[in-house]
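K.L.:
Please work out how this folds:
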Amino acid sequence: MSQKQAQPTEECAGQAKDRPVLPAPCAPVEREKDGRPIGLETLWWALGVAVAIVLVFHEGMRFGFLPDWDDANFIQNNPRLAFSWENLMHYAAHPFQELYTPLPMWSLMLDYAMFGLSPLGYHLHNLALHVLGAWMLLAVLRKMGVRPALAALGALLWALNPQKVESVVWLSERKDVLCGMLSFAAMWCFLNRWAWRCALCTALAIFAKPAAVALPGVYLVWHLAGLAPGWRKWPVCPVAAGIMACVVSMLMTGQTNPGRLESALLVPIHNLFWYPLASLVPFETNPIYPEVICLDAHFLGVLLGGMALLGAGVALARRLKCPWRKIWGVLLILGGTMLPVLGLLHYTNFRYCDRYNYLVSAVMVSGAMVLAEMALRRWPRKHFRRVLLGGLAGMAIGYGCLTYLYVPYWENCLKLSYCSLQRPGRPNLKAYEMGTMAAFRHGAKDYLDYLRGELQRRPPLTRFDREASIRSYLLFMETHEAFMAGQYAAAEAAFRQLAIQFAQSSQGEDVVVPLPPTLIQWLYADMVEIALRQGNLEKAEFYRSKIHP
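P.N.:
A predicted model of the protein is given here:
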């Protein structure tokens with residue numbers, strides 16, 4: 001080969017030093033054919049991504065708070081939402097609702113200072129953070145060598161997945177949109193080798209939500225697998241900052257809820273394949289995901305579907321000549337992002353997925369877009385490019401339609417409960433709990449009658465003793481209805497019957513819980529009010545001691 005012919009190859013090798021190594025032709029991708037800088041086109045695509053997100057989610061901006069989905073505790077009835085040094089330090093030193101998330105609480109304090117209790121401002125803040133998260137993901141994909149159109153489609157597939165509705169529309173999940181945006185910003189800084197900026201964003205992401213504790217491991221695997229050459233030394237600063245933030249988060253969370261190991265492996269195995277599958281195949285839009293407690297058709301479908309998807313991804317990567325070291329690196333990164341939400345540690349009495357997890361879906365979408373980019377470079381035919389980009393655009397449109405149709409269910413808790421109960425199969429006990437509280441708050445007696453019928457016809461799929469649970473549930477409804485009607489003697493008499501069942505409840509793995517904990521606390525609050533009206537302060541104090549914050 002002559003010197004003139006060899007020169008382009010050397011230039012391509014030089015360009016590859018500052019770009020992630022992809023097994024693709026060494027064609028320059030920094031400029032388009034007409035000579036325009038690629039950054040300008042990326043900005044237009046970013047604008048299109050933002051417009052699409054706003055159009056899909058705009059209806060949710062008019063919704064109010066969801067008091068039975070934690071909005072009352074986080075915002076409406078939170079005495080520590082006012083801006084003060086004392087409140088700032090309180091969230092810095094204490095977990096809130098058994099999770100250390102100071103950054104989201106500070107952001108809610110900012111919203112409260114600006115908007116008071118007007119939900120519109122909070123919703124707009126959530127939406128803005130979601131758009132920023134999509135932009136940062138687009139920037140990460142561009143840095144990984146993905147062309148602008150493909151990177152924008154990847155950002156849309158991530159942002160418009162129905163999984164994201166809960167985080168954007170449910171204000172208490174501010175931690176998700178904030179954690180996602182900061183995690184992608186940390187990754188962007190890592191790919192640019194900005195050590196201190198990456199360290200700062202990593203710590204902030206973990207303090208937004210502990211789901212980001214996998215970031216230090218992601219950096220190490222990324223470096224060792226050679227996915228992004230350029231770090232001449234180990235990324236010590238981002239990894240050290242991430243590990244320190246992880247330790248602080250775990251110590252703070254352990255103050256109120258250290259969690260306990262899940263004895264049944266069904267939940268972790270289910271989640272291991274559910275997260276990758278649902279990230280690319282939006283088959284589940286149940287706002288209250290059924291508990292995973294047995295091997296049923298749904299469980300087997302998730303297992304087989306997840307295996308097939310991951311297997312197909314690995315096979316395609318090998319077909320595109322991707323080395324095993326990089327494939328294993330990506331799989332380790334995927335497993336690391338899933339580790340905090342697999343369900344190995346059990347924090348509540350319900351066994352369901354953290355469906356709206358931002359990081360797992362981002363890894364899956366990013367991996368899919370990198371494979372698509374590799375395919376386009378390996379088979380650079382116009383027909384193939386049009387088919388691939390057209391198919392991904394169709395998927396994005398489909399995601400957007402599903403999300404647009406799903407958003408209205410989040411208008412209030414009655415719709416959420418009804419949406420969950422209308423799904424086939426046994427519902428989660430949480431659906432009945434949320435529906436009951438919302439029905440009482442809205443005075444929807446017809447909905448209470450509907451729940452009574454559903455409880456007997458479709459008892460919840462739960463580890464709880466089914467017969468005792470239904471009997472106690474119906475008795476609770478009678479008790480609270482009597483209290484609301486001012487029939488305090490009848491309410492107290494019904495409560496005594498429930499108290500006998502509470503006393504008989506056992507502790508341990510096969511615990512018999514006659515009622516969900518939230519309803520039990522609500523019931524004790526009723527008894528406090530009754531005791532105060534009777535002038536019995538001693539009894540009121542006794543019942544108040546049973547209410548846990």
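K.L.:
Look at Leu300 and say how many residues are nearby.
P.N.:
The local packing count at Leu300 equals 11, with neighbours defined by other C-beta atoms under 10 Å. Glycine gets a C-beta too; all of them are placed from N, C-alpha and C.
K.L.:
before we move on, what about Leu66?
P.N.:
One way to gauge burial is a neighbour count; for Leu66, by other C-beta under 10 Å, it gives 24.
K.L.:
can you check Cys294 too?
P.N.:
Considering only other C-beta under 10 Å, Cys294 is surrounded by 12 other residues.
K.L.:
now it: how far from Ala264?
P.N.:
As for Cys294, its distance to Ala264 is 10 Å (criterion: C-beta to C-beta, to the nearest Å).
K.L.:
for Ala46, same thing?
P.N.:
Taken as C-beta to C-beta, the span from Ala46 to Ala264 is 44 Å.
K.L.:
And for Leu40?
P.N.:
Using C-beta to C-beta, we find Leu40 at a distance of 54 Å from Ala264.
K.L.:
Gly329 too?
P.N.:
With the distance defined as C-beta to C-beta, Gly329 ends up 31 Å from Ala264.
K.L.:
Mind checking which of these two has more residues around it?
P.N.:
Under the neighbour definition other C-beta under 10 Å, Gly329 and Ala264 were set side by side, and Gly329 has more, 19 against 15.
K.L.:
Could you list the buried residues of the helix or strand where that one lies?
P.N.:
Under the assignment given by DSSP states H and E, the secondary-structure element containing Gly329 is helix 324-338. Of the residues in helix 324-338, those buried by neighbour count under the rule 16 or more other C-beta atoms under 10 Å are Lys326, Ile327, Gly329, Val330, Leu331, Leu332, Ile333, Leu334, Gly335, Gly336, Thr337, Met338.
K.L.:
In contact with the fifth one: list those residues for me.
P.N.:
Contacts were defined as C-beta atoms under 8 Å, 6 or more residues apart in numbering; by that measure Leu331 touches Leu310, Val314.
K.L.:
now the chain, which segments are flagged as low pLDDT?
P.N.:
Of all residues in the chain, those with pLDDT under 70 make up the ranges 1-39, 227-232, 259-260, 262-263, 293, 346-355, 461-468, 501-514, 548-549.
K.L.:
switch to 80 and redo it
P.N.:
Counting by pLDDT under 80, the chain has low-confidence residues at 1-41, 225-235, 254-265, 284, 289-298, 343-356, 424-428, 459-471, 496-518, 546-549.
K.L.:
can you pull out the strands in it?
P.N.:
For the chain, the strands defined by DSSP state E occupy 260-261, 345-346.
K.L.:
Domain-wise, how is the protein divided?
P.N.:
41-410, 464-545 (automatic domain parsing).
K.L.:
Same list (these) but as CSV, adding distance to Glu454.
P.N.:
Putting these into CSV (distance: least, C-beta to C-beta, whole Å) gives the following:
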stretch, distance to Glu454
domain 41-410, 13
domain 464-545, 10
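K.L.:
Point out the most buried one among those domains.
P.N.:
Most buried of the domains of the chain, by mean neighbour count (mean count of other C-beta atoms under 10 Å): domain 41-410, with a mean of 19.
K.L.:
separation between Thr403 and Tyr432?
P.N.:
Thr403 sits 26 Å away from Tyr432, taking C-beta to C-beta as the criterion.
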